[in-house]
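Visitor: Structure, please.
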Amino acid sequence: MKRSKTFKTSLISRLFGRFASHAFPSFFQRIINKTYTSLMHLDLKEFESYENYPTLNALFTRKLTLPRSFDTHPAIFISPCDGFISAMGTIQEQLALQIKGKAYGISTLLSDFIASANKQKLEGGYYLNFYLSPKDYHRYHVPIDMRIAKAIHIAGKLYPVNFKWLHKIDGLFCENERVILECYTQEDKLFYMVFVGALNVGKMCFNFDTTIQTNAASGVEQLYSYENLFLKKGEELGYFQMGSTIVMLFEKESFEPLVEENTKITFAKTLGKAL
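Guide: Model (predicted):
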């Protein structure tokens, strides 16, 4: 049954991805784009007009027309995305909440590709979940000057990640396909960024390594290791095709949040500070 559901959601997402990536005749594409813009109440003040996107996917993954300013202090973390902070708190007994009353295991989320010693470093540290709705800006960015040591692609289901489904399925983040980045600050403090796939998320793309392939028919899990891969705060990391979720997990006593749960946040706004 599980395999059947996994195949079904993955197939739906791949088929939707093909539709969204197809360039229809310009007059019809404008109708598609306008309809989506109206239905989702997209705010395009920072973006090009819907008429300028050749595919629905190009509209989903739209780029900002002007850069956003942010606090350049080296200890300040900025939000990596536009989204809603659906849950946050401290990791206790290797558990975090996907939403109130629904926990997930950090060890399962991060997979066996992550060393047990690193998982233990997270005990007592903070976690934050960012939900990106279909109307949000879908690109994600570097939250602080950092080094990426690993990327892990975990194949899985593509359940929706909206609140209804988060309440419905325990450990949903651990069930869905995801990409995990093992990151280190300039002070060598550990944190993870976990990009969770969802229904109709055709792909999760990463600018620093275009060989990372998600929502692929093979479903192969893959570890990518890097040496001296340094990225600067504010740089574009990549993008979701449609909305989804980003989870951030921090080593104990390395991060202090300056935001609150159940609030909207946008990329470049101050998220917290490194300790």
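
Visitor: hey, where'd the helices end up in the stretch 1-150 of the chain?
Guide: In the stretch 1-150 of the chain, helices defined by DSSP state H, counting those that start in this stretch lie at 2-21, 26-40, 56-60, 106-110, 116-121, listed in chain order.

Visitor: hey, least reliable of those helices by pLDDT?
Guide: Sorting these by mean pLDDT places helix 2-21 lowest, at a mean of 58.

Visitor: Thought V161 was touching A198, still the case?
Guide: Yes: A198 is in contact with V161 according to CB atoms under 8 Å; the separation is 4.4 Å. Bear in mind the C-beta positions are built from the backbone N, C-alpha and C, glycine included.

Visitor: so how far is A58 from Y36?
Guide: Using CB to CB, to the nearest Å, we find Y36 at a distance of 11 Å from A58.

Visitor: typed the wrong thing, it's Y104
Guide: Distance, Y104 to A58, by CB to CB: 33 Å.

Visitor: between these two, which one's more packed in?
Guide: Ranked by neighbour count (other CB atoms under 10 Å), Y104 and A58 place Y104 first, with 25 against 17.

Visitor: Skipping its backbone neighbours, what lies nearest that one in space?
Guide: Closest residue in space to Y104, ignoring its immediate chain neighbours: G171 at 4.4 Å, by CB to CB, 6 or more residues apart in numbering.

Visitor: Run through the residues that contact the one you found.
Guide: Neighbouring residues of G171 by CB atoms under 8 Å, 6 or more residues apart in numbering: Q98, K102, A103, Y104, G105, T108.

Visitor: out of the residues you listed, which are inside strands?
Guide: By the criterion of DSSP state E, membership of those in strands covers Q98, K102, A103, Y104, G105.

Visitor: And the strands in the stretch 51-200 of the chain?
Guide: With DSSP state E, counting those that start in this stretch as the criterion, the stretch 51-200 of the chain has strands at 76-78, 83-90, 95-99, 102-105, 126-131, 139-141, 146-154, 178-185, 190-196.

Visitor: Present the ones in strands among the contacts of G171 as CSV; the columns should include distance to F84 and pLDDT.
Guide: Formatted as CSV, the ones in strands among the contacts of G171 follow (distance: CB to CB, whole Å; pLDDT from 0 to 100):
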residue, distance to F84, pLDDT
Q98, 13, 83
K102, 16, 79
A103, 19, 85
Y104, 18, 85
G105, 23, 91
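
Visitor: most surrounded residue in those residues?
Guide: Most neighbours among the ones in strands among the contacts of G171, by other CB under 10 Å: Q98, with 28 neighbours.

Visitor: Is it correct that that one is in contact with L166?
Guide: Yes: between Q98 and L166 there is a contact at 5.1 Å, judged by CB under 8 Å.

Visitor: joint contacts of those two?
Guide: Residues touching both Q98 and L166 by CB under 8 Å, 6+ apart: S86, L172.

Visitor: neighbours of I246, just the number please.
Guide: Residues lying near I246 (other CB under 10 Å) number 23.

Visitor: Same question for F230.
Guide: Neighbour count for F230, taken as other CB under 10 Å: 12.

Visitor: again with V247
Guide: With other CB under 10 Å as criterion, V247 counts 23.

Visitor: Make sure I have this right: it is in a strand.
Guide: Yes: looking at V247 with DSSP: H, G, I helix; E, B strand; the rest coil, it is inside a strand.

Visitor: So for it, what's the pLDDT?
Guide: You'll see V247 listed with a pLDDT of 95.

Visitor: Identify the bridge partners of the closest residue in space to it that isn't next to it in sequence.
Guide: Nearest in space to V247, with sequence neighbours left out and distances taken as CB to CB, 6+ apart, is V194 at 4.1 Å. In this entry, V194 is beta-bridged to I180, V247, by DSSP bridges.
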